[in-house]
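Trainee: output the structure for:
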Amino acid sequence: MFEDNDVAAARPLWLVREADLDAWIAGQDAATRAWLGDVRFRAERHQVACISSAQGGARAAVLGLGGLATLDDLEPWHVAGAPDRLPAGAWKIATALPARAATAAALGWAHGSYRFNRYRTSTGPERAAPSLVPPQLADMAYVRRMSAALSMARDMINTPAADLTPESLAVMAMHMASGCGAEGRVVSGDALREGFPAIHAVGRAAECAPRLIDFSWGDPGAPRVTLVGKGVCFDSGGLDIKAPQGMLLMKKDMGGAACVLALARVIMESALPVRLRVLVPAVENSIAGNAYRPGDVLRTRKGLTVEVGNTDAEGRLVLSRGRSAAAGGHGHADRRCPGRARSRTAGTFRVAHRDGRGAAAPRARARGPAVADAALGWLRRRDREQGGRHEQRVGLDVRRSGDRRTLPQALREPGA
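Mentor: Modelled structure (predicted):
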């Protein structure tokens, strides 16, 4: 991926914006100008043109950046496609880049070099991959931390559900956490049933039992950050089963948990001055005789009752319970000092998850421990606006079916 040292024989890779193309081409020799004209190089984003030597191999290459306003605006994805388009061997970015752009270019190269070969059975030789001499001014320590964390997340997301069960997700998460100096626990069995009944209900039909991953890191007196990630390792839809096409990519329904764990790893390895807590409800939404059903009434950790309207909306149940736990305290030390926990703002909560269609859902942010209360308050207001029909009919605190908006969307509404 990267060369450890500056390689004298590394071939130059030019990064050219559309606005700079004419001036750059004017500085090249006649043969290069003619060649780029013949291949219709226009510096469009991700467009790559290799410039051949007299011996026939590539002696240089140019990568288009499209309509990028300035090099300061360069992002990793401008460069991420280059490793797949360049011949093997060492390359060196020949364009002078400011520090931020140099770091982004190196990170983009790392992103584009990612491969998931765990299940490859081919015994033939693999295509040799190009490598990059680290750009000058690039923060390579940051690049390596970010690329390692992202590769960990991508490996998790790409792993089939048969091999990434709630148990294996918990083992991987706690191994990563302990390696970074975090402390935590995995709640399962009777403790999960009693303390987090909604998480248990969603995952109880699966062969691999549900669990809640909970770990904390950092100075207890530092600003608090809690990350909650949706860890649905496979989502069949439950008794409200998905169609085959909708189920095809549901191994990726734990993508929110993977992203949260990757972010937590970067925070810990970067030694950021925060008190971090990570909560990942890890479940499989499966079908069996003991699966939770439409119309079931679940009692939450907070004591509220929720009627299940659709078993394929399990993400709201497991995430809201995770958010409720996050709002109620920040690790074991905080439970010993409840007055302090209540008196301080608990920082910015970020909820990362994917919706039932496999698409990235919006992230919700709210200050302090008001996240869960804001979500439940919105549902209550909606119920009152509809004349209280749900409460009168069922006698519930919350009925969460019948509205297509998600809780993250609700949290952004005025007064939520």
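Trainee: from what I can see Gly246 touches Ser236, true?
Mentor: No: with contact defined as C-beta atoms under 8 Å, Gly246 does not count as touching Ser236 (9.8 Å). For glycine as for every other residue, the C-beta is placed from the backbone atoms N, C-alpha and C.
Trainee: any low-confidence regions in the chain?
Mentor: Across the chain, residues meeting the criterion (pLDDT under 70) sit at 123, 321-322, 324-325, 328-416.
Trainee: what helix or strand is the residue sitting nearest the centre point of the chain on?
Mentor: Centrality entry for the chain: nearest residue to the mean C-alpha point is Cys259, 2.6 Å, by C-alpha atoms, centre = their mean. Per DSSP states H and E: Cys259 is located in helix 255-269.
Trainee: now do the helices in the stretch 201-350 of the chain.
Mentor: 244-247, 255-269, 314-327, 332-336, 338-343 (DSSP state H, counting those that start in this stretch).
Trainee: between Gly246 and Ser236, point out the one with more neighbours.
Mentor: Using other C-beta atoms under 10 Å as the criterion, Gly246 and Ser236 rank with Ser236 on top: 22 against 16.
Trainee: do me a favour and get the backbone dihedrals for that one.
Mentor: Per-residue torsions, Ser236: phi -80, psi -10 (degrees, to the nearest 10).
Trainee: so it sits right up against Asn285, yeah?
Mentor: Yes: using C-beta under 8 Å, Ser236 is in contact with Asn285, at 5.9 Å.
Trainee: Ala148: what's it in contact with?
Mentor: Contact analysis of Ala148 by C-beta atoms under 8 Å, 6 or more residues apart in numbering lists Arg265.
Trainee: helix/strand/coil for it?
Mentor: Recorded secondary structure, Ala148: helix (DSSP: H, G, I helix; E, B strand; the rest coil).
Trainee: helix or strand: which one has Arg154?
Mentor: Counting by DSSP H and E, Arg154 is found in helix 140-158.
Trainee: buried sites along the very next helix or strand once past that helix?
Mentor: The element immediately downstream of helix 140-158 (helix or strand, assigned by DSSP H and E) is helix 166-179. For helix 166-179, a neighbour-count test (16 or more other C-beta atoms under 10 Å) marks Pro166, Glu167, Ser168, Leu169, Ala170, Met172, Ala173, Met174, Met176, Ala177 as buried.
Trainee: and those as JSON lines, adding distance to Ala94?
Mentor: Below are the buried residues of helix 166-179 laid out as JSON lines (distance: C-beta to C-beta, whole Å):
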{"residue": "Pro166", "distance to Ala94": "49"}
{"residue": "Glu167", "distance to Ala94": "49"}
{"residue": "Ser168", "distance to Ala94": "45"}
{"residue": "Leu169", "distance to Ala94": "43"}
{"residue": "Ala170", "distance to Ala94": "47"}
{"residue": "Met172", "distance to Ala94": "40"}
{"residue": "Ala173", "distance to Ala94": "42"}
{"residue": "Met174", "distance to Ala94": "45"}
{"residue": "Met176", "distance to Ala94": "38"}
{"residue": "Ala177", "distance to Ala94": "42"}
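Trainee: ok, so of the residues you listed, who is nearest Arg275?
Mentor: Ala177 (14.3 Å; C-beta to C-beta).
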